[in-house]
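A.B. asks: mind folding the following:
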Amino acid sequence: EQLDITGMDLDTRSDVYSLGAILYELIADQLPFDEARLASASQTELEEILWEEDPPRPSKRATATVPSDLDWIVMKALDKDRNKRYESASAFADDVQRFLNEEPVLATPPSTTYHARKFVRRHRFGIAFAFSVAALLVAGTAVSLWQAIAARQAREVAQNEAATAKATVDFLTNDLLRMGDPDHEPDRDLKLSTALDRAAEGLSDRFQDQPAVKAELLSTLGKSSVGVGEFEKGIRLINEALALWKTLDLPLTGTQVGAQQTLAFAHFNLGQHDEALAILEPLFPRVEATFGTEGHETLSTMSSLARIYTVLRRYDESHALNSKAYAIYERQGKGRARAALGALAGLGSNYMNQGLPAEAEPIYRKYRSIVKDVYPVDSPWAFAAAHNVGAALMNQGKIKESIPILEEAHALSVRIRGANHPAILKNIHEMSGAY
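C.D. replies: All right, here's what the predicted structure looks like:
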């Protein structure tokens, strides 16, 4: 809704979407959309991702089993149609609480079979068994939210993770989602940035004996603050989280990597490119050593660092990282074709920024070939692919060859965006130069 130029009114359902993204990250330890892909996307591509694509369910990306109810809750909050989302943060919190209480949630069709299954699960063996189920649910929540306790061997670690998960869910439901009113009546004027401010204040004297919990929450609040454009606030919160993690002397985790990537992103958006570079350059070899050359965390850090190198005009280093990433994606097969587009876009952009359109042309043609394989013919990616090839041709002086491709890109842009979208004027201006 915030990207919409038609003046759509904003209400708390827009913030419910953002809260859904927070819960998604708590469950899957990843953002709803691939960070490497977002980092390499143009502004137009970024808008189209958010408008047109649905993120995979958290259970598809988490490292452990995620209860289907939790999937439904998150995806309802992230629905593209705001009329299908929860009407308020309080309604969202109530459904999370129903999940924790092992009650039927609203985020699923209320079929008789579904309600019957819930009743059986709650009462099958009486109160004693219900207590055992509740204990298992807490452990299951910990598995979902904090990267699979089952993958860890030590029982003490598992117990600590369970406590972390429970404290986190409690904080999410009681401190963040229900802040609009102490009686939790929906506060339709409560904005996400305000809720984040209050949540951060509430953390100042909480979890003193649970530094790992506090670090996780500070990190999530910091990343969420950056996500709503509060970059200075996000930097402060993430730095607090990193300082706590340092005192714990823990091995590098995906959550810590994501926090540092977001920290670099915040500095980048404030024009503090050197600060962003100072975070990512030492981070990258540590991530590669921990997660392997082809790990998701490694590739996303690689993409972020390549982008910084491009902005700083360190094209050779950016080219090396994008080339390495593309080679990895190619090796991983067709299933990674979409992710490979980000690396190809980075390579092409590097050449264009250096005034080398002839070198960019085959890169962009490869990009276009992949797009034709994996996206519909009238997708935003098809527009970007045609536009990039046309621009590379025009900048080489291949005017006659560029015109039909630029015209194709223009026609796609009009179909996708509508004739009155501001970006259409840019397309017309480029075509007028070719004519």
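A.B. asks: quick check, Leu393 in contact with Glu361.
C.D. replies: Yes. Here Leu393 reaches Glu361: they are 6.6 Å apart, a contact under C-beta atoms under 8 Å. All C-beta atoms are positioned from the backbone trio N, CA, C, and that covers glycine.
A.B. asks: those two: which is more packed in?
C.D. replies: Taking neighbours as other C-beta atoms under 10 Å, Leu393 and Glu361 compare with Leu393 leading, 24 against 21.
A.B. asks: any idea how far Glu430 is from that one?
C.D. replies: As judged by C-beta to C-beta, to the nearest Å, Leu393 and Glu430 stand 12 Å apart.
A.B. asks: Arg13 too?
C.D. replies: 37 Å.
A.B. asks: could you do Phe268 as well?
C.D. replies: Distance of Phe268 to Glu430, computed by C-beta to C-beta: 27 Å.
A.B. asks: before we move on, back to that, who's more crowded, Arg13 and Glu430?
C.D. replies: Relative neighbour count places Arg13 above the other of Arg13 and Glu430, with 22 against 17, counting by other C-beta under 10 Å.
A.B. asks: may I ask which helix or strand encompasses that one?
C.D. replies: Per DSSP states H and E, Arg13 falls inside helix 12-28.
A.B. asks: keeping just the C-alphas, turn that helix into PDB.
C.D. replies: Extracted C-alpha coordinates of helix 12-28, given in PDB (Å, rounded to 0.1, in the frame of the first residue of the first chain):
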ATOM      1  CA  THR A  12      -3.300  -0.700  10.600                       C
ATOM      2  CA  ARG A  13      -3.800  -3.600   8.100                       C
ATOM      3  CA  SER A  14      -0.700  -2.200   6.400                       C
ATOM      4  CA  ASP A  15       1.200  -2.600   9.700                       C
ATOM      5  CA  VAL A  16      -0.200  -6.100  10.200                       C
ATOM      6  CA  TYR A  17       1.700  -7.000   7.000                       C
ATOM      7  CA  SER A  18       4.900  -5.700   8.600                       C
ATOM      8  CA  LEU A  19       4.200  -7.600  11.800                       C
ATOM      9  CA  GLY A  20       3.600 -10.700   9.800                       C
ATOM     10  CA  ALA A  21       7.000 -10.200   8.300                       C
ATOM     11  CA  ILE A  22       8.500 -10.000  11.800                       C
ATOM     12  CA  LEU A  23       6.800 -13.300  12.800                       C
ATOM     13  CA  TYR A  24       7.900 -14.900   9.500                       C
ATOM     14  CA  GLU A  25      11.500 -14.000  10.400                       C
ATOM     15  CA  LEU A  26      11.200 -15.300  13.900                       C
ATOM     16  CA  ILE A  27      10.000 -18.700  12.600                       C
ATOM     17  CA  ALA A  28      12.200 -19.200   9.500                       C
END
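A.B. asks: how far does that helix sit from the chain's center?
C.D. replies: 10 Å (C-alpha atoms, centre = their mean, to the nearest Å).
A.B. asks: taking the mean pLDDT, what do you get for that helix?
C.D. replies: Averaging pLDDT along helix 12-28 yields 82.
A.B. asks: show me what it is packed against.
C.D. replies: The helices and strands touching helix 12-28, judged by 3 or more C-beta pairs under 8 Å, 6 or more residues apart in numbering; DSSP states H and E, are helix 58-61, helix 68-77, helix 89-100, helix 126-145, helix 192-203, helix 211-227.
A.B. asks: try it again with 6 Å
C.D. replies: Here helix 12-28 touches helix 58-61, helix 68-77, helix 126-145, going by 3 or more C-beta pairs under 6 Å, 6 or more residues apart in numbering; DSSP states H and E.
A.B. asks: give me the angle between that helix and helix 68-77.
C.D. replies: On the basis of axes from the mean of the first three to the mean of the last three C-alpha atoms, to 10 degrees, helix 12-28 is oriented at 140 degrees to helix 68-77.
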